[in-house]
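>>> Give me coordinates for this.
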Amino acid sequence: MIDAVADRLNALVADLQGKVETVAHLADLMKSGRLPANASAIVVPLGFRGGKPGDAAGMFTQDINEVIGVLLIASAHDKAGQKALKRIDPLIREVVDTLAGWAPEDVSGVFQVERGKLLSLHQGRMVFQIDFSITDQLRISA
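As a prediction, the model looks like this:
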């Protein structure tokens with residue numbers, strides 16, 4: 001699912017074309033200060049929550065709510081990050097418009113926006129995180 005989100009952002013968000021990456025170990029990258037120099041966005045898995053299991057003869061079903069994050073990265077060379085905010089605000093709206101209400105193939109739900117927040121303003125970089133969730137259904141034959 002992470003790859004499908006990155007592909008969609010690369011294809012449909014003009015400012016991100018060819019600049020979206022995926023990474024599972026973002027925390028390590030941020031601590032070491034090794035954010036990709038050419039990345040404008042990083043798509044990361046943020047986990048999932050299971051819903052109440054369903055009862056069906058010979059079948060185990062359960063809704064799974066998966067959460068992903070899109071981290072937008074902009075240069076921020078002023079202390080307050082005002083220049084980065086001016087660049088990132090319209091980008092936030094475009095990312096939300098591109099993912100909200102959409103689903104990759106073979107998923108029963110659609111993405112919805114959970115929240116957005118400033119994650120970091122450090123060493124000349126602003127990182128803004130937008131969280132999206134999508135509900136799918138787990139089906140296992142018993």
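
>>> Figure out how far the worst-scoring helix or strand of the chain on mean pLDDT is from the centre of its chain.
In the chain, the helix or strand scored least confidently by mean pLDDT, DSSP states H and E is helix 26-32, which has a mean of 71. Centroid separation for helix 26-32 versus its chain: 17 Å, with Cα atoms, centre = their mean, to the nearest Å.

>>> That one - contacts with which helices or strands?
Packing contacts for helix 26-32, counted by 3 or more Cβ pairs under 8 Å, 6 or more residues apart in numbering; DSSP states H and E, involve no helix or strand. In this view, the C-beta of every residue, glycine as well, is placed from N, C-alpha and C.

>>> How are the strands of this structure distributed by residue range?
Using DSSP state E, the strands of the chain run over 20-22, 41-56, 59-75, 112-122, 125-141.

>>> Does anything pack onto the last one? Which helices or strands?
If I follow you right, that is strand 125-141. For strand 125-141, the packing partners by 3+ Cβ pairs under 8 Å, 6+ apart are strand 41-56, strand 59-75, helix 82-99, strand 112-122.

>>> Most distant residue from the centre of the protein?
residue 57 (36.2 Å; Cα atoms, centre = their mean).

>>> Throw the strands of the chain into CSV and include mean pLDDT, thanks.
Converted to CSV, the strands of the chain look like this (pLDDT from 0 to 100):
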stretch, mean pLDDT
strand 20-22, 88
strand 41-56, 88
strand 59-75, 90
strand 112-122, 91
strand 125-141, 89
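
>>> What sits closest to residue 1 if chain neighbours are left out?
residue 104 (5.6 Å; Cβ to Cβ, 6 or more residues apart in numbering).

>>> same thing with residue 49?
In space, residue 49 is closest to residue 65, 4.7 Å off (Cβ to Cβ, 6+ apart).

>>> Show me what that neighbour is bridged to.
residue 49, residue 135 (DSSP bridges).

>>> what do you get for the one 10 residues further on?
Listed by DSSP bridges, the beta-bridge partners for residue 75 are residue 125.

>>> Just want to check the distance between it and residue 62.
43 Å (Cβ to Cβ, to the nearest Å).

>>> just to revisit the earlier point, buried deepest among the helices and strands packed on strand 125-141, which one?
Stretch with highest mean neighbour count among the helices and strands packed on strand 125-141: strand 59-75 (a mean of 18; mean count of other Cβ atoms under 10 Å).
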